[in-house]
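S.K.: Fold the following.
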Amino acid sequence: MKKILKIAWRNLWRNRRRTSITAASIFFAIFFAIGMRSFQLGSYDHMIKQMIESYTGYLLVQNTDYLDDPGIDNAFTASTDLMKKINADLNVKVAVPRIESFALASTGNLSKGVMVSGISPELERKMSDPAQKLVHGRYLKAVDREVLLSERLSKYLKVGVGDSIVLMGQGYQGASAANIYSICGIVKMPSPDLDNKLVYMTLTQAEVLFSLSGQLTSIAINLKNTDEMKKTQKRLSALDGENLSVKNWEELIPTLKQQIQGDSQSGLLFLAVLYIIIFFGVFGTVQMMISERWREFGMMVAIGMKRGQLAAIVTIEMLFIGFIGTALGMLAVAPCIILGHYYPYTMTGDMAKMYIDMGFDPVMPTALFDSYFFLQGVVIFLMVILASYLPVRSIMKLNVTQALHGN
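M.R.: Numbering: from 1, shown residues only. As a prediction, this is how the structure comes out:
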């Protein structure tokens, strides 16, 4: 076996140009396949972090009627015991109580519909962490009667730190909800959709504004292991009362899931087309290599080499080429992935506008190394073996006389 490996390695460099061309085709296949998949998966992760980890949460505890009728009347009383049971689950990273409703924000001659989010300032720092998103002013304190505004909303209303806004809406069971608040800070939310409409205030002030007493509209939950989301949902569902339900983000934001699935399928289709093109490129190269060396193969069999050994040598040659192309492709794309993850590509023009209209930042980060990275290498490597099968099989049927005459 050692002798066969040595012969195969030497054969590679007898025709450096042919070896380089074949290895280069595999190199570019790996480079573009991994690069494209990394951009796709990185974009999905960025979308999920914008919409899920940074605000909504992977799981949401709500009144059973809230999803169909997201009004303040469908608030629920959250006992201390319920919060303890939720936090006791081993996969729960953080659970934060919230009061969320819609209101009209007004200042001067300007007004806009906004989402008011009543939060526990300290607990929320473990979830969406508005304090890290401050661009002006200061963060909320537990005793504050002031509010935080999202940056785009503040620009639309033309207000800043120290200015006041009026919030008007409907409170619990038809009560009037109206008050004037001073702005203590401006936060920049990662999701353009949220950044256009979000107003933060303390839970206490939200209770007063919406005439609630110890009630919440939701408990947002982030998880340690997102792969265990549905199992955790099932466990927590057993803890709630008759009027509560636990929903996961796929149920709460089905459009985001559909967007990701649709884009992923189109990306996989593109990869399949790329693989087919590369497969026939490698197959053609192998076939050409076999044809060029057909007389050589006939001579080797004529002097005593077994056809099986000859087929093994050619197969190992192709495996060597496949390994070289795959390894070099992975090494070349790795720095691009790292750079793209920490310094993501920012889109401009119509593409950027389309992303913003959908509620996402117009950036495309790459996903760091995961199973997808090595899977592409395995797929290409298997393609090399498959492309070698038919040409190598022809060696097993080699007619020595015809091969020596170049037929």
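
S.K.: residue contacts, the nearest residue to residue 187 once chain neighbours are set aside?
M.R.: Ranked by Cβ to Cβ, 6 or more residues apart in numbering and with sequence neighbours excluded, the top spatial neighbour of residue 187 is residue 133, at 4.3 Å. Where you see a C-beta, it was placed from the backbone N, CA and C, and this is true even at glycine. Applying Cβ atoms under 8 Å, 6 or more residues apart in numbering to residue 133 gives the contacts 187-190.

S.K.: Identify, from the residues you listed, the entry nearest to residue 20.
M.R.: Of all these, residue 190 has the smallest distance to residue 20: 45.3 Å, by Cβ to Cβ.

S.K.: Tell me, how many residues neighbour the closest residue to residue 274 other than its chain neighbours?
M.R.: Leaving aside its sequence neighbours, residue 274 sits nearest to residue 33 (Cβ to Cβ, 6+ apart; 6.1 Å). Using other Cβ atoms under 10 Å, residue 33 has 23 neighbouring residues.

S.K.: possible to save the contacts of residue 133 as a markdown table with distance to residue 284 and neighbour count?
M.R.: Shown next, in a markdown table, are these (distance: Cβ to Cβ, whole Å; neighbours: other Cβ atoms under 10 Å):
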| residue | distance to residue 284 | neighbour count |
| --- | --- | --- |
| 187 | 58 | 26 |
| 188 | 53 | 15 |
| 189 | 52 | 23 |
| 190 | 47 | 18 |
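
S.K.: How many residues are close by residue 17?
M.R.: For residue 17, the count of nearby residues is 7 (other Cβ under 10 Å).

S.K.: Enumerate the positions of whichever strand or helix holds residue 389 that are buried.
M.R.: Assigned by DSSP states H and E, residue 389 belongs to helix 371-396. The neighbour-count check on helix 371-396 (16 or more other Cβ atoms under 10 Å) flags 373, 376-377, 379-381, 383-384, 387-388, 391-392, 395 as buried.

S.K.: which residues of this structure fall in strands?
M.R.: For the chain, applying DSSP state E gives strands covering 59-63, 76-77, 92-107, 110-119, 134-137, 147-150, 164-170, 176-187, 198-202, 215-216, 218-223, 244-248, 345-346, 363-364.

S.K.: Per-residue pLDDT of residue 402, please?
M.R.: The per-residue pLDDT reported for residue 402 equals 68.

S.K.: Check the strands of the chain for me and report the most buried one.
M.R.: Of all those, strand 147-150 has the most neighbours on average by mean count of other Cβ atoms under 10 Å, namely a mean of 27.

S.K.: Pairing partners for that one, with directions?
M.R.: Looking at strand 147-150 with DSSP bridges, its partner strands are strand 176-187 (parallel), strand 198-202 (antiparallel).

S.K.: and residue 68, which of the ones you listed is closest to it?
M.R.: Closest approach to residue 68 among the strands paired with strand 147-150 (Cβ to Cβ): strand 176-187, 21.8 Å.

S.K.: Also compute the angle for that closest one relative to strand 92-107, please.
M.R.: Per axes from the mean of the first three to the mean of the last three Cα atoms, to 10 degrees, the angle that strand 176-187 makes with strand 92-107 is 110 degrees.

S.K.: Extract the C-alpha trace of strand 176-187 and format it as PDB.
M.R.: Extracted C-alpha coordinates of strand 176-187, given in PDB (Å, rounded to 0.1, in the frame of the first residue of the first chain):
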ATOM      1  CA  SER A 176     -58.300  56.200  29.400                       C
ATOM      2  CA  ALA A 177     -54.500  56.000  29.000                       C
ATOM      3  CA  ALA A 178     -52.900  59.400  28.700                       C
ATOM      4  CA  ASN A 179     -49.900  61.100  30.300                       C
ATOM      5  CA  ILE A 180     -46.900  63.400  29.600                       C
ATOM      6  CA  TYR A 181     -43.400  62.000  30.000                       C
ATOM      7  CA  SER A 182     -39.900  63.500  29.900                       C
ATOM      8  CA  ILE A 183     -37.300  61.800  27.800                       C
ATOM      9  CA  CYS A 184     -34.200  60.600  29.700                       C
ATOM     10  CA  GLY A 185     -32.400  58.800  26.900                       C
ATOM     11  CA  ILE A 186     -32.300  57.700  23.200                       C
ATOM     12  CA  VAL A 187     -31.600  54.100  22.200                       C
END
